[in-house]
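> need a 3D model of the following:
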Amino acid sequence: MKQVVQNYKTGELAVLDVPVPGCKPGGVLVRTSYSLISTGTELMKVSEAGMSMLGKARSRPDQVAKVMQSVATNGLPATYQKVMGKLDSYTPLGYSLCGVVEQVGPGVDDVKVGDVVACAGNEHALHAELNWVPRNLYAKVPDGLAPRHAAFGTVGSIAMQGVRQGEPQLGEVALVIGLGLIGQLVVQLLTAAGVRVVGADPDPARCELAERLGAAACGDPGSTAVEAAVAELTDGHGVDQVYLAAGGASNQPVELAARLCRDRGRVVDIGKCRLDLPWNAYYEKELDVRFSRSYGPGRYDPEYELEGRDYPIGYVRWTERRNLACFLDLMARGRVDVEPLVSHVADFEDAVETYRRLKDGDLKAVAVLFRYPEEKSEAPAPAVAVPAVRRGGGVPAQARPAKRPVRLAFVGAGNYATSMLLPHLVGRDGVELSTVVTTTALSAANAQRKFGFAEATTDLDAVLGDPSVDAVFVVTRHSSHADLTRKALLAGKTVFVEKPLALSEDELAGVLAAVEESGNDRLQVGFNRRFAPLLQEAKSRFGVRTGPANLRYLVNAGRLQHGSWYLQQGTEGSRFAGEGGHFIDTASWLLGADPVSVYAVSTSGNDDLQVVLRYPDGSTATISYVTTGPSSFPKETLDLVADGKVLRLDDFVRASVYGTKRWVSSRLPQARDKGQNAELAAFVRAVRTGGPMPVPLESLVATTAATLAVRAGLAGGAPVTLAGAR
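Below is the predicted model of the structure:
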């Protein structure tokens, strides 16, 4: 199985293959569905690991004291070897997850295989595909509660234990300092308990979020807004409780707590902030300072956590496990809402990159979840077959006589054909526009008039039966592409079909059956971006790739106008089915391979998609296909990172490559050339010479299968293996 680990000495983060834990007595083996990154605790650990040895020592004086004691006891050489050995080893990350019970150990009778549970513990609820969890560190997830929400169980328990330590009562007023993940949960728990809440955080976005989740008022701790809100809500007496949910080295939180707390109020430390208490202020108000120990009673007690010895409820009402179950119940009943806290959901395989983005500040987040692939024991993993290409025994394509023009027929003369294809063919040497076929006579006549076709007709069979026609362009609505392509191949024509080649696996199989039957594999799909001169030059400048790559492709597709036939998904397929092949083909061309798996997730309420492709060498390509972006933003931006180099494409206007040397394309304004002209030149050349088609048929099939797999991935909620992918 795979697990996220970190080397504390070097700071290296990795997803390693590690043995599956055994299912010991008193616990269960859980297959993780979602695990939650604690953006406070875990990032502090990640940041510390990236420090120098001196920096590590400064950040952990408690550990330095232990080392010095060991030196005094065991001597310097032995202590040095021990410390270096411990530092230079992998340590786990994570402590909050939701998953499915895969195996039940002896002595466990409260859950069964297949139950969904939330799990806790920095040794048992790790960022790993499988975890063994002792019985006091898991709780069953109530029916109807989404697993991604149940993954918040542990951090919710931490917030709940802090609130319990504050002993809030109906009608009181509380101040929450620090509105990160824990602080946001504390706000909601206090509100649910009938307490009015004031929040303090320097981040305006977090203040706004807390107000949406129930806080009466929020503001910057250094401003007068917080003090004014407290004064108004308490008639100037001060808040009843202060919850310190902040981190960092500033002493501002404890000073603010003293200033805004009422006489004999309570101050509860939940986070890990500086606690240099101003003695006079705390003494004069006789403030009650309390600490909240993680998830609740039982934490750090091995008999409770590891041996499963529970505390009697009559003596300890709220234990670690009871807090966990209580928080799950509050979420299931809608009293606490964690969905607004989810800033990002990343695939587990992208864990290292996600941590890097969080650490570098590229990803601003309150809560981040890792999503794990499902593994079904009773059924094979979802897969979409990539049909094998079988060529029949047809006669190979013959070169045309040098003086004879290539005669082209167009089936369809809509907007794309007339704006993006035909202008590049009109007047081209060695090309003759023979016939245009449309379903309506007027559109055929218009195309004939504008582009000089020799003939215009609505009779497709006549064109396919015309031996003088060398190649047929299929530029019709999506639902007809596969059938028209199949007919043209069986008629012995070289075919150029605009994307998509097919809208279903059956349609794709039908096209390939025509190839096998006729022996005619002379097919090109209009994946033009790989022919774009700017992208071609950038790829050349980037050079040969030796290691795995990460590719990000943002497609700001925009909204469709009302009435567009693209919206007829019942017959014409989804927008991505119609257009997505462009971007998959571009990614595969840049990476030099066909994808082996596809994972897709959609945004609720719109057509936005995230599509993650995996390639044989471990490379990944993420295509963000969004319809909700502003029209002022470029449509297509692409970044390819590998071998210490970055290739960037900005909407086919500018490209750059960063490496040992930097190359940037001309900064002079230029029209976007997405490769149609070069693509058509390559196609016409192949028809004229009888040489290989511009893109191998196997690649066209793989791209089409990957595009179709997006639909299967959205339906199944799991990665789809491209069965038979090379």
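> rest of the way, CA atoms for contacts and neighbours
Noted.
> residues contacting Val555?
Ile623, Ser624, Tyr625, Val626, Lys635, Glu636, Thr637 (Cα atoms under 8 Å, 6 or more residues apart in numbering).
> who wins on neighbours among the residues you listed?
Highest neighbour count within the contacts of Val555, by other Cα atoms under 10 Å: Tyr625, with 26 neighbours.
> neighbouring contacts of the lengthiest helix in the chain?
In the chain, taking DSSP state H as the definition, the longest helix is helix 697-716. The contact list for helix 697-716 (Cα under 8 Å, 6+ apart) reads 382-387, 389, 500-505, 508, 521, 523-525, 576-577, 580-581, 584-585, 594-595, 597-602, 611, 719-720, 722, 725.
> which SS state does the residue nearest the centre of the chain fall under?
Geometric centre of the chain, nearest residue: Ala346, 4.0 Å, by Cα atoms, centre = their mean. Three-state assignment for Ala346 (DSSP: H, G, I helix; E, B strand; the rest coil): strand.
> what pairs with the helix or strand hosting Ala139, parallel or antiparallel?
Assigned by DSSP states H and E, Ala139 belongs to strand 138-140. Sheet pairing of strand 138-140 (DSSP bridges) gives strand 116-120 (antiparallel).
> next one: the partner strand to chain centre, how far?
Distance of strand 116-120 from its chain centroid, counting by Cα atoms, centre = their mean, to the nearest Å, is 23 Å.
> got the angle for the strand ranked longest in the chain vs strand 116-120?
Ranked by residue count under DSSP state E, the longest strand found in the chain is strand 27-37. Using axes from the mean of the first three to the mean of the last three Cα atoms, to 10 degrees, the inter-axis angle of strand 27-37 relative to strand 116-120 is 70 degrees.
> am I right that Val155 is in a helix?
Yes. Under three-state DSSP, Val155 sits within a helix.
> what is the burial count for Asp506?
Counted with other Cα under 10 Å, Asp506 comes out at 11.
> where's it, which helix or strand?
helix 505-518.
> so what's the model's average confidence on that helix?
For helix 505-518, mean pLDDT is 94.
> hmm, back to that, contacts only, for the nearest residue to the residue nearest to the centre of the chain once chain neighbours are set aside.
Among residues not flanking Ala346 along the chain, Phe370 sits closest, at 5.0 Å (Cα to Cα, 6 or more residues apart in numbering). Applying Cα under 8 Å, 6+ apart to Phe370 gives the contacts Tyr34, Ser35, Leu36, Ile37, His127, Val345, Ala346, Asp347, Phe348, Ala351.
> let's go with 10 Å and repeat that
32-37, 97, 127-128, 148, 151, 344-351, 354 (Cα atoms under 10 Å, 6 or more residues apart in numbering).
> repeat for His344
Contact partners of His344, counting by Cα under 10 Å, 6+ apart, are Thr354, Leu363, Lys364, Ala365, Val366, Ala367, Val368, Leu369, Phe370.
> can you name the residues bridging to it?
For His344, the beta-bridge partners are Val368 (DSSP bridges).
> go on, Phe291?
In this structure, Phe291 bridges to Asp269 when assessed by DSSP bridges.
> right, and it touches Gly271 too?
Yes. Using Cα atoms under 10 Å, Phe291 is in contact with Gly271, at 9.3 Å.
> between these two, what contacts are shared?
Going by Cα under 10 Å, 6+ apart, residues that sit against Phe291 and also against Gly271 are Gly162, Tyr243, Leu244.
> quick check: the last one vs Phe291, distance?
Distance of Leu244 to Phe291, computed by Cα to Cα, to the nearest Å: 10 Å.
> the more surrounded of the two?
The residue with more neighbours, out of Leu244 and Phe291, is Leu244; 27 against 16, by other Cα under 10 Å.
> need the per-residue pLDDT for Pro719.
The per-residue pLDDT reported for Pro719 equals 90.
> for it, which non-adjacent residue is spatially closest?
Nearest residue to Pro719, sequence neighbours excluded (Cα to Cα, 6+ apart): Tyr599, at 4.3 Å.
> what's the neighbour count on Leu260?
22.
> my error: substitute Gly558 in the last question.
Counted with other Cα under 10 Å, Gly558 comes out at 17.
> the residue nearest to the centre of the chain contacts Leu358, doesn't it?
No. Contact criterion Cα under 10 Å: Ala346 and Leu358 do not qualify, at 11.8 Å.
> ChimeraX command for the buried members of the contacts of Phe370?
Buried residues among these (16 or more other Cα atoms under 10 Å), as a ChimeraX selection:
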select :32,33,34,35,36,37,97,127,128,148,151,345,347,348,349,351,354
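> before we move on, what SS does Leu330 have?
Counting by three-state DSSP, the backbone at Leu330 sits in helix.
> do the same with Gly580
helix.
> give me the element Val187 is part of.
Assigned by DSSP H and E, Val187 falls in helix 181-192.
> quick one: the helices in the stretch 501-650 of the chain?
Secondary structure of the stretch 501-650 of the chain (DSSP state H, counting those that start in this stretch): helices at 505-518, 533-542, 569-572, 575-591.
> any weak-confidence spans in the stretch 151-300 of the chain?
Along the stretch 151-300 of the chain, no part satisfies pLDDT under 70.
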